[in-house]
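A.B. asks: Sequence first, predicted model second:
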Amino acid sequence: MISLEHTAHGAAAPAAPTRFLIGRFHEVVLKGGNRWRFVEQARRNLRDCFADCGVRRIRASGPRLIAEIPAGVPDDLVRERAALIFGLQNFTISRPVPLDLEALKREAVAAARTTQATTFRIATRRADKRFPLNSMEIERAVGAAVVAALGLKVNLDYPELIITIEMMSDAAYLAVGKYPGAGGLPVGITGRATVLLSGGIDSPVAAYRMMRRGLHVDFVHFHSHPLVSAASREKAADLAAILTRYESRATLALVPFADVQREIVARTLRPLRVVLYRRFMLRIAGALAQAGRSTALVTGESLGQVASQTLENMTVIEQAASLPVLRPLVGMDKNEIINEARRLGTFETSILPDQDCCSLFVPEHPETKARLAQVTAAEAQFDIDAMVAGAVARTEFMPLEFPPRPASTVR
(Lines give C-alpha, C1' and ligand atoms only; values in the text may rest on other atoms or scores of the structure.)
Protein backbone atom coordinates (compact mmCIF):
# COMPACT_ATOMS: atom_id res chain seq x y z
CA MET A 1 0.00 0.00 0.00
CA ILE A 2 1.01 3.62 -0.07
CA SER A 3 3.65 4.62 2.45
CA LEU A 4 3.86 8.05 4.01
CA GLU A 5 6.41 9.33 6.47
CA HIS A 6 4.41 10.84 9.32
CA THR A 7 5.53 14.14 10.80
CA ALA A 8 3.85 16.56 13.15
CA HIS A 9 3.29 18.95 10.27
CA GLY A 10 2.27 16.35 7.70
CA ALA A 11 4.18 15.17 4.66
CA ALA A 12 3.73 14.86 0.97
CA ALA A 13 1.56 11.99 -0.22
CA PRO A 14 3.13 9.76 -2.80
CA ALA A 15 1.93 9.58 -6.35
CA ALA A 16 0.47 6.12 -7.07
CA PRO A 17 -3.00 4.68 -6.50
CA THR A 18 -5.70 7.32 -6.43
CA ARG A 19 -8.71 5.35 -5.15
CA PHE A 20 -9.42 2.86 -2.40
CA LEU A 21 -12.53 0.93 -1.50
CA ILE A 22 -12.88 1.22 2.27
CA GLY A 23 -15.46 -1.11 3.76
CA ARG A 24 -16.44 -0.89 7.42
CA PHE A 25 -17.37 -4.08 9.18
CA HIS A 26 -20.81 -4.79 10.56
CA GLU A 27 -21.16 -7.57 13.17
CA VAL A 28 -17.55 -8.58 12.65
CA VAL A 29 -16.39 -5.84 15.01
CA LEU A 30 -18.22 -7.60 17.85
CA LYS A 31 -16.23 -10.81 17.51
CA GLY A 32 -13.53 -11.65 20.01
CA GLY A 33 -10.44 -13.78 19.64
CA ASN A 34 -11.56 -15.37 16.38
CA ARG A 35 -12.36 -12.08 14.72
CA TRP A 36 -9.41 -12.61 12.36
CA ARG A 37 -11.29 -15.50 10.75
CA PHE A 38 -14.24 -13.25 9.87
CA VAL A 39 -11.92 -10.57 8.55
CA GLU A 40 -10.00 -13.04 6.40
CA GLN A 41 -13.24 -14.48 5.00
CA ALA A 42 -14.44 -10.98 4.10
CA ARG A 43 -11.11 -10.29 2.43
CA ARG A 44 -11.39 -13.45 0.31
CA ASN A 45 -14.99 -12.63 -0.59
CA LEU A 46 -14.05 -9.11 -1.69
CA ARG A 47 -11.23 -10.47 -3.82
CA ASP A 48 -13.59 -12.98 -5.48
CA CYS A 49 -16.29 -10.35 -6.08
CA PHE A 50 -13.76 -8.17 -7.92
CA ALA A 51 -11.94 -11.06 -9.60
CA ASP A 52 -12.36 -9.61 -13.10
CA CYS A 53 -11.20 -6.13 -12.05
CA GLY A 54 -7.64 -6.89 -11.04
CA VAL A 55 -8.17 -6.01 -7.37
CA ARG A 56 -5.31 -7.71 -5.56
CA ARG A 57 -4.07 -5.50 -2.73
CA ILE A 58 -6.53 -5.88 0.14
CA ARG A 59 -5.71 -5.28 3.78
CA ALA A 60 -7.51 -4.92 7.07
CA SER A 61 -7.00 -1.90 9.30
CA GLY A 62 -8.94 -1.95 12.54
CA PRO A 63 -12.66 -2.09 11.72
CA ARG A 64 -11.98 -1.52 8.01
CA LEU A 65 -11.21 -3.53 4.91
CA ILE A 66 -9.19 -1.49 2.42
CA ALA A 67 -8.74 -2.47 -1.24
CA GLU A 68 -6.78 -0.64 -3.88
CA ILE A 69 -8.95 0.03 -6.95
CA PRO A 70 -7.04 -0.38 -10.22
CA ALA A 71 -7.11 2.47 -12.69
CA GLY A 72 -9.84 2.04 -15.28
CA VAL A 73 -12.39 0.40 -12.97
CA PRO A 74 -15.35 2.82 -12.87
CA ASP A 75 -16.80 4.01 -9.58
CA ASP A 76 -20.26 2.75 -10.55
CA LEU A 77 -18.93 -0.80 -10.86
CA VAL A 78 -17.13 -0.51 -7.54
CA ARG A 79 -20.34 0.62 -5.82
CA GLU A 80 -22.38 -2.15 -7.43
CA ARG A 81 -19.95 -4.89 -6.43
CA ALA A 82 -19.16 -3.64 -2.94
CA ALA A 83 -22.88 -3.60 -2.09
CA LEU A 84 -22.90 -7.40 -2.59
CA ILE A 85 -20.32 -8.19 0.09
CA PHE A 86 -21.87 -9.43 3.30
CA GLY A 87 -20.11 -8.31 6.46
CA LEU A 88 -19.71 -4.66 5.47
CA GLN A 89 -21.95 -2.10 7.17
CA ASN A 90 -21.05 0.64 4.70
CA PHE A 91 -18.27 1.63 2.33
CA THR A 92 -16.69 4.60 0.58
CA ILE A 93 -14.62 5.15 -2.53
CA SER A 94 -11.82 7.20 -1.04
CA ARG A 95 -8.76 9.03 -2.28
CA PRO A 96 -5.52 9.39 -0.32
CA VAL A 97 -4.62 12.90 0.77
CA PRO A 98 -1.41 14.04 2.53
CA LEU A 99 -1.65 14.28 6.30
CA ASP A 100 -1.81 18.03 6.05
CA LEU A 101 -4.71 20.35 6.86
CA GLU A 102 -4.27 22.57 3.81
CA ALA A 103 -4.21 19.53 1.54
CA LEU A 104 -7.42 18.29 3.15
CA LYS A 105 -9.09 21.66 2.56
CA ARG A 106 -8.10 21.67 -1.12
CA GLU A 107 -9.32 18.13 -1.72
CA ALA A 108 -12.60 18.70 0.11
CA VAL A 109 -13.33 21.82 -1.96
CA ALA A 110 -12.47 19.96 -5.15
CA ALA A 111 -14.72 17.05 -4.17
CA ALA A 112 -17.67 19.29 -3.28
CA ARG A 113 -17.27 21.18 -6.55
CA THR A 114 -18.07 17.99 -8.51
CA THR A 115 -21.58 17.75 -6.98
CA GLN A 116 -24.81 19.73 -7.23
CA ALA A 117 -25.30 19.79 -3.46
CA THR A 118 -26.22 22.98 -1.64
CA THR A 119 -25.84 21.61 1.90
CA PHE A 120 -23.08 19.46 3.35
CA ARG A 121 -21.27 18.20 6.38
CA ILE A 122 -17.79 16.84 7.08
CA ALA A 123 -17.53 13.51 8.95
CA THR A 124 -14.06 12.77 10.32
CA ARG A 125 -12.59 9.81 12.16
CA ARG A 126 -9.06 9.59 13.45
CA ALA A 127 -7.69 6.07 13.41
CA ASP A 128 -4.28 7.65 14.00
CA LYS A 129 -4.46 9.99 17.00
CA ARG A 130 -1.06 11.56 16.30
CA PHE A 131 -2.50 14.19 13.98
CA PRO A 132 -2.39 17.47 15.96
CA LEU A 133 -6.07 18.35 15.45
CA ASN A 134 -8.94 16.24 16.76
CA SER A 135 -11.90 15.16 14.60
CA MET A 136 -14.11 18.13 15.46
CA GLU A 137 -11.35 20.62 14.79
CA ILE A 138 -10.64 19.05 11.40
CA GLU A 139 -14.34 19.18 10.51
CA ARG A 140 -14.61 22.84 11.43
CA ALA A 141 -11.51 23.86 9.48
CA VAL A 142 -12.29 21.84 6.37
CA GLY A 143 -15.98 22.80 6.47
CA ALA A 144 -15.10 26.48 6.71
CA ALA A 145 -12.91 26.14 3.63
CA VAL A 146 -15.79 24.59 1.63
CA VAL A 147 -18.18 27.34 2.74
CA ALA A 148 -15.69 30.06 1.82
CA ALA A 149 -14.87 28.57 -1.58
CA LEU A 150 -18.31 27.42 -2.75
CA GLY A 151 -20.92 29.05 -0.53
CA LEU A 152 -22.48 25.74 0.55
CA LYS A 153 -24.44 25.65 3.79
CA VAL A 154 -23.61 23.32 6.65
CA ASN A 155 -26.41 20.92 7.64
CA LEU A 156 -25.41 18.39 10.27
CA ASP A 157 -28.73 16.51 10.32
CA TYR A 158 -29.88 16.11 6.70
CA PRO A 159 -27.07 17.20 4.38
CA GLU A 160 -27.25 16.62 0.64
CA LEU A 161 -23.54 15.85 0.68
CA ILE A 162 -21.34 14.10 3.24
CA ILE A 163 -17.57 14.32 2.84
CA THR A 164 -15.89 11.63 4.92
CA ILE A 165 -12.30 11.93 6.12
CA GLU A 166 -10.42 9.11 7.81
CA MET A 167 -7.10 9.99 9.36
CA MET A 168 -4.85 6.95 9.23
CA SER A 169 -1.15 6.38 9.76
CA ASP A 170 -0.16 6.48 6.08
CA ALA A 171 -2.55 9.15 4.75
CA ALA A 172 -5.91 10.78 5.16
CA TYR A 173 -8.63 9.14 3.06
CA LEU A 174 -11.30 11.47 1.69
CA ALA A 175 -14.55 10.40 0.04
CA VAL A 176 -17.74 11.94 -1.26
CA GLY A 177 -20.68 10.01 0.14
CA LYS A 178 -20.94 6.82 2.15
CA TYR A 179 -22.88 3.86 0.74
CA PRO A 180 -24.81 1.18 2.64
CA GLY A 181 -23.27 -2.28 2.69
CA ALA A 182 -25.03 -5.65 2.77
CA GLY A 183 -24.45 -6.08 6.53
CA GLY A 184 -24.51 -9.45 8.25
CA LEU A 185 -21.60 -11.89 8.28
CA PRO A 186 -19.17 -12.80 5.48
CA VAL A 187 -20.48 -15.62 3.31
CA GLY A 188 -18.82 -18.91 4.16
CA ILE A 189 -17.87 -18.12 7.74
CA THR A 190 -20.73 -20.10 9.36
CA GLY A 191 -20.72 -23.13 7.07
CA ARG A 192 -22.44 -24.49 3.98
CA ALA A 193 -26.10 -25.32 3.29
CA THR A 194 -28.30 -26.40 0.39
CA VAL A 195 -31.42 -24.39 -0.49
CA LEU A 196 -34.53 -26.02 -1.97
CA LEU A 197 -35.10 -23.43 -4.70
CA SER A 198 -38.65 -23.70 -6.01
CA GLY A 199 -38.72 -20.89 -8.55
CA GLY A 200 -41.32 -19.03 -6.50
CA ILE A 201 -41.06 -15.89 -4.41
CA ASP A 202 -40.12 -17.34 -1.03
CA SER A 203 -37.09 -19.60 -1.44
CA PRO A 204 -34.77 -16.97 -3.00
CA VAL A 205 -35.48 -14.70 -0.03
CA ALA A 206 -34.73 -17.58 2.34
CA ALA A 207 -31.42 -18.19 0.54
CA TYR A 208 -30.49 -14.52 0.80
CA ARG A 209 -31.25 -14.41 4.51
CA MET A 210 -29.05 -17.41 5.23
CA MET A 211 -26.18 -16.06 3.12
CA ARG A 212 -26.44 -12.87 5.16
CA ARG A 213 -25.89 -15.02 8.24
CA GLY A 214 -22.62 -16.28 6.78
CA LEU A 215 -23.76 -19.50 5.10
CA HIS A 216 -22.42 -20.42 1.69
CA VAL A 217 -25.35 -21.98 -0.16
CA ASP A 218 -25.88 -24.30 -3.09
CA PHE A 219 -29.25 -24.85 -4.72
CA VAL A 220 -31.45 -27.80 -5.62
CA HIS A 221 -34.48 -27.44 -7.89
CA PHE A 222 -37.08 -30.15 -8.48
CA HIS A 223 -38.76 -30.15 -11.89
CA SER A 224 -41.15 -32.34 -13.86
CA HIS A 225 -39.73 -31.76 -17.33
CA PRO A 226 -40.53 -33.20 -19.88
CA LEU A 227 -44.07 -33.74 -18.52
CA VAL A 228 -44.26 -29.94 -18.31
CA SER A 229 -42.25 -27.18 -19.98
CA ALA A 230 -38.67 -26.35 -19.01
CA ALA A 231 -39.75 -22.91 -17.73
CA SER A 232 -39.25 -23.76 -14.06
CA ARG A 233 -35.71 -24.97 -14.75
CA GLU A 234 -34.91 -21.74 -16.54
CA LYS A 235 -36.40 -19.65 -13.73
CA ALA A 236 -34.43 -21.56 -11.13
CA ALA A 237 -31.21 -20.97 -13.09
CA ASP A 238 -31.96 -17.24 -13.34
CA LEU A 239 -32.76 -16.95 -9.64
CA ALA A 240 -29.68 -18.91 -8.63
CA ALA A 241 -27.54 -16.64 -10.83
CA ILE A 242 -28.93 -13.54 -9.07
CA LEU A 243 -28.18 -15.06 -5.67
CA THR A 244 -24.70 -16.23 -6.65
CA ARG A 245 -23.63 -12.58 -6.97
CA TYR A 246 -23.45 -12.56 -3.17
CA GLU A 247 -21.11 -15.55 -2.88
CA SER A 248 -19.23 -15.77 -6.22
CA ARG A 249 -19.61 -19.55 -6.68
CA ALA A 250 -22.48 -22.00 -6.26
CA THR A 251 -23.95 -25.14 -7.79
CA LEU A 252 -27.53 -25.61 -8.96
CA ALA A 253 -28.74 -29.22 -8.93
CA LEU A 254 -31.66 -29.86 -11.30
CA VAL A 255 -33.56 -32.93 -10.10
CA PRO A 256 -36.05 -34.73 -12.39
CA PHE A 257 -38.94 -35.44 -10.03
CA ALA A 258 -41.69 -36.71 -12.36
CA ASP A 259 -40.89 -40.42 -11.86
CA VAL A 260 -41.11 -40.05 -8.08
CA GLN A 261 -44.41 -38.22 -8.41
CA ARG A 262 -45.88 -40.85 -10.73
CA GLU A 263 -44.91 -43.58 -8.28
CA ILE A 264 -46.58 -41.72 -5.42
CA VAL A 265 -49.72 -41.00 -7.46
CA ALA A 266 -50.04 -44.64 -8.47
CA ARG A 267 -49.90 -45.98 -4.91
CA THR A 268 -51.15 -43.28 -2.53
CA LEU A 269 -54.49 -41.71 -1.66
CA ARG A 270 -54.87 -38.17 -2.94
CA PRO A 271 -54.77 -36.15 0.32
CA LEU A 272 -51.31 -37.43 1.34
CA ARG A 273 -49.54 -36.79 -1.93
CA VAL A 274 -48.22 -33.31 -1.17
CA VAL A 275 -46.75 -34.45 2.15
CA LEU A 276 -45.09 -37.42 0.44
CA TYR A 277 -43.71 -35.21 -2.35
CA ARG A 278 -42.10 -32.96 0.25
CA ARG A 279 -40.67 -35.85 2.23
CA PHE A 280 -39.01 -37.28 -0.88
CA MET A 281 -37.68 -33.84 -1.79
CA LEU A 282 -35.98 -33.59 1.60
CA ARG A 283 -34.49 -37.06 1.21
CA ILE A 284 -33.13 -36.31 -2.25
CA ALA A 285 -31.93 -32.83 -1.30
CA GLY A 286 -30.24 -34.29 1.78
CA ALA A 287 -28.35 -36.85 -0.31
CA LEU A 288 -27.19 -34.15 -2.73
CA ALA A 289 -26.32 -31.79 0.12
CA GLN A 290 -24.15 -34.31 1.91
CA ALA A 291 -22.32 -35.11 -1.32
CA GLY A 292 -21.64 -31.38 -1.67
CA ARG A 293 -20.44 -31.01 1.94
CA SER A 294 -23.51 -29.08 3.12
CA THR A 295 -24.56 -29.60 6.72
CA ALA A 296 -28.10 -28.19 6.58
CA LEU A 297 -31.07 -27.70 4.26
CA VAL A 298 -32.86 -24.37 3.78
CA THR A 299 -36.48 -23.95 2.70
CA GLY A 300 -38.73 -20.97 2.03
CA GLU A 301 -41.55 -22.27 4.22
CA SER A 302 -43.72 -19.82 6.14
CA LEU A 303 -46.02 -21.20 8.81
CA GLY A 304 -49.58 -21.62 7.58
CA GLN A 305 -48.98 -20.22 4.11
CA VAL A 306 -50.03 -23.32 2.13
CA ALA A 307 -51.30 -26.81 2.92
CA SER A 308 -47.85 -28.38 3.31
CA GLN A 309 -46.80 -25.63 5.73
CA THR A 310 -49.12 -26.29 8.63
CA LEU A 311 -47.27 -27.08 11.84
CA GLU A 312 -48.46 -30.70 11.72
CA ASN A 313 -47.35 -31.20 8.11
CA MET A 314 -43.99 -29.47 8.54
CA THR A 315 -43.29 -31.70 11.55
CA VAL A 316 -44.10 -34.87 9.63
CA ILE A 317 -42.22 -33.75 6.53
CA GLU A 318 -39.08 -32.86 8.48
CA GLN A 319 -38.95 -36.37 9.92
CA ALA A 320 -37.70 -37.56 6.51
CA ALA A 321 -34.72 -35.18 6.44
CA SER A 322 -31.20 -36.44 7.03
CA LEU A 323 -29.95 -32.92 7.83
CA PRO A 324 -31.28 -30.04 9.94
CA VAL A 325 -33.92 -27.97 8.11
CA LEU A 326 -33.59 -24.17 8.44
CA ARG A 327 -36.69 -22.04 7.77
CA PRO A 328 -35.66 -18.37 7.91
CA LEU A 329 -39.08 -17.16 6.72
CA VAL A 330 -41.20 -19.24 9.08
CA GLY A 331 -42.59 -16.21 10.96
CA MET A 332 -42.93 -13.83 8.00
CA ASP A 333 -46.16 -13.07 6.15
CA LYS A 334 -46.45 -12.97 2.37
CA ASN A 335 -46.30 -9.19 2.07
CA GLU A 336 -43.08 -9.06 4.06
CA ILE A 337 -41.55 -11.74 1.85
CA ILE A 338 -42.67 -9.98 -1.34
CA ASN A 339 -41.19 -6.68 -0.17
CA GLU A 340 -37.87 -8.35 0.53
CA ALA A 341 -37.94 -10.13 -2.84
CA ARG A 342 -38.42 -6.77 -4.54
CA ARG A 343 -35.43 -5.30 -2.71
CA LEU A 344 -33.38 -8.35 -3.57
CA GLY A 345 -34.29 -8.17 -7.25
CA THR A 346 -35.76 -11.68 -7.53
CA PHE A 347 -39.46 -10.82 -7.49
CA GLU A 348 -39.92 -10.13 -11.21
CA THR A 349 -38.26 -13.41 -12.12
CA SER A 350 -40.17 -15.38 -9.49
CA ILE A 351 -43.59 -14.30 -10.80
CA LEU A 352 -42.91 -15.34 -14.39
CA PRO A 353 -45.40 -18.08 -15.37
CA ASP A 354 -44.17 -21.66 -15.25
CA GLN A 355 -45.32 -25.19 -14.42
CA ASP A 356 -43.35 -26.39 -11.45
CA CYS A 357 -43.42 -29.90 -10.06
CA CYS A 358 -45.50 -28.82 -7.08
CA SER A 359 -48.42 -27.97 -9.37
CA LEU A 360 -48.34 -31.39 -11.04
CA PHE A 361 -50.56 -34.16 -9.63
CA VAL A 362 -51.66 -31.95 -6.71
CA PRO A 363 -54.97 -33.05 -5.14
CA GLU A 364 -57.81 -30.59 -4.79
CA HIS A 365 -58.00 -31.06 -1.01
CA PRO A 366 -54.55 -31.95 0.36
CA GLU A 367 -54.09 -33.19 3.92
CA THR A 368 -53.32 -30.35 6.34
CA LYS A 369 -52.83 -32.41 9.53
CA ALA A 370 -50.89 -35.46 8.47
CA ARG A 371 -49.98 -38.04 11.11
CA LEU A 372 -46.56 -39.66 11.02
CA ALA A 373 -47.94 -43.20 11.46
CA GLN A 374 -50.31 -42.67 8.54
CA VAL A 375 -47.51 -41.34 6.32
CA THR A 376 -44.97 -44.03 7.15
CA ALA A 377 -47.61 -46.68 6.47
CA ALA A 378 -48.19 -45.17 3.02
CA GLU A 379 -44.45 -45.10 2.34
CA ALA A 380 -44.00 -48.74 3.32
CA GLN A 381 -45.03 -49.79 -0.18
CA PHE A 382 -42.19 -47.82 -1.82
CA ASP A 383 -38.56 -48.76 -2.32
CA ILE A 384 -37.50 -45.42 -0.89
CA ASP A 385 -33.76 -45.91 -1.27
CA ALA A 386 -34.10 -46.88 -4.94
CA MET A 387 -36.38 -43.93 -5.71
CA VAL A 388 -34.00 -41.47 -4.05
CA ALA A 389 -30.94 -43.01 -5.70
CA GLY A 390 -32.63 -42.90 -9.10
CA ALA A 391 -33.45 -39.20 -8.79
CA VAL A 392 -29.94 -38.40 -7.59
CA ALA A 393 -28.37 -40.35 -10.45
CA ARG A 394 -30.38 -38.39 -13.05
CA THR A 395 -29.66 -34.99 -11.49
CA GLU A 396 -27.91 -32.38 -13.62
CA PHE A 397 -25.43 -29.97 -12.03
CA MET A 398 -24.98 -26.40 -13.18
CA PRO A 399 -21.93 -24.53 -11.83
CA LEU A 400 -22.53 -20.82 -11.29
CA GLU A 401 -19.90 -18.10 -10.96
CA PHE A 402 -19.86 -14.35 -10.43
CA PRO A 403 -18.24 -12.53 -12.04
CA PRO A 404 -18.97 -15.01 -14.83
CA ARG A 405 -16.06 -16.93 -16.28
CA PRO A 406 -16.21 -18.52 -19.74
CA ALA A 407 -17.48 -22.03 -20.41
CA SER A 408 -19.69 -22.73 -17.40
CA THR A 409 -21.67 -25.72 -18.66
CA VAL A 410 -24.19 -28.25 -17.39
CA ARG A 411 -22.81 -31.72 -16.76
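C.D. replies: Received it, and whenever you're ready, just let me know what you need. Just so it is clear, the structure is predicted and the values come from calculations on it, not from any experiment.
A.B. asks: List the contacts of stretch 386-399.
C.D. replies: With Cβ atoms under 8 Å, 6 or more residues apart in numbering as the test, stretch 386-399 has contacts from 237, 240, 249-257, 259-260, 263, 280, 283-284, 287-288, 408-411. In short, each C-beta sits where N, CA and C put it, glycine included.
A.B. asks: could you flag which of those residues are buried?
C.D. replies: 237, 240, 250-257, 260, 263, 280, 283-284, 287-288 (16 or more other Cβ atoms under 10 Å).
A.B. asks: thinking again about what came up before, of the contacts of stretch 386-399, which belong to strands?
C.D. replies: Here DSSP state E is the test, and those give Arg249, Ala250, Thr251, Leu252, Ala253, Leu254, Val255, Pro256 as lying in strands.
A.B. asks: which among those gets closest to Ile201?
C.D. replies: Of all the ones in strands among the contacts of stretch 386-399, Ile201 sits closest to Leu252, with 18.0 Å by Cβ to Cβ.
A.B. asks: Tell me the bridge partners for the closest one.
C.D. replies: Listed beta-bridge partners, Leu252: Phe219, Met398 (assigned using DSSP bridges).
A.B. asks: wait, doesn't it sit right on Phe222?
C.D. replies: No: using Cβ atoms under 8 Å, Leu252 is not in contact with Phe222; the gap is 11.8 Å.
A.B. asks: give me phi/psi at the spatially most central residue of the chain?
C.D. replies: Geometric centre of the chain, nearest residue: Tyr246, 3.8 Å, by Cα atoms, centre = their mean. The phi/psi pair for Tyr246 (degrees, to the nearest 10) reads phi -90, psi -10.
A.B. asks: pLDDT at it, what is it?
C.D. replies: Note on Tyr246: pLDDT of 97.
A.B. asks: Isn't it up against Gly188?
C.D. replies: No: using Cβ under 8 Å, Tyr246 is not in contact with Gly188, being 10.8 Å away.
A.B. asks: got the angle between the host helix or strand of Thr194 and strand 249-256?
C.D. replies: Assigned by DSSP states H and E, Thr194 belongs to strand 191-196. Relative orientation of strand 191-196 versus strand 249-256 (axes from the mean of the first three to the mean of the last three Cα atoms, to 10 degrees): 30 degrees.
A.B. asks: Who does strand 191-196 pair with, and is each partner parallel or antiparallel?
C.D. replies: Strand 191-196 is paired, per DSSP bridges, with strand 215-223 (parallel), strand 297-298 (parallel).
A.B. asks: what's in contact with the last one?
C.D. replies: So the one you mean is strand 297-298. 193-196, 203, 206-207, 210, 215, 217, 282, 285-286, 289, 321, 323-328.
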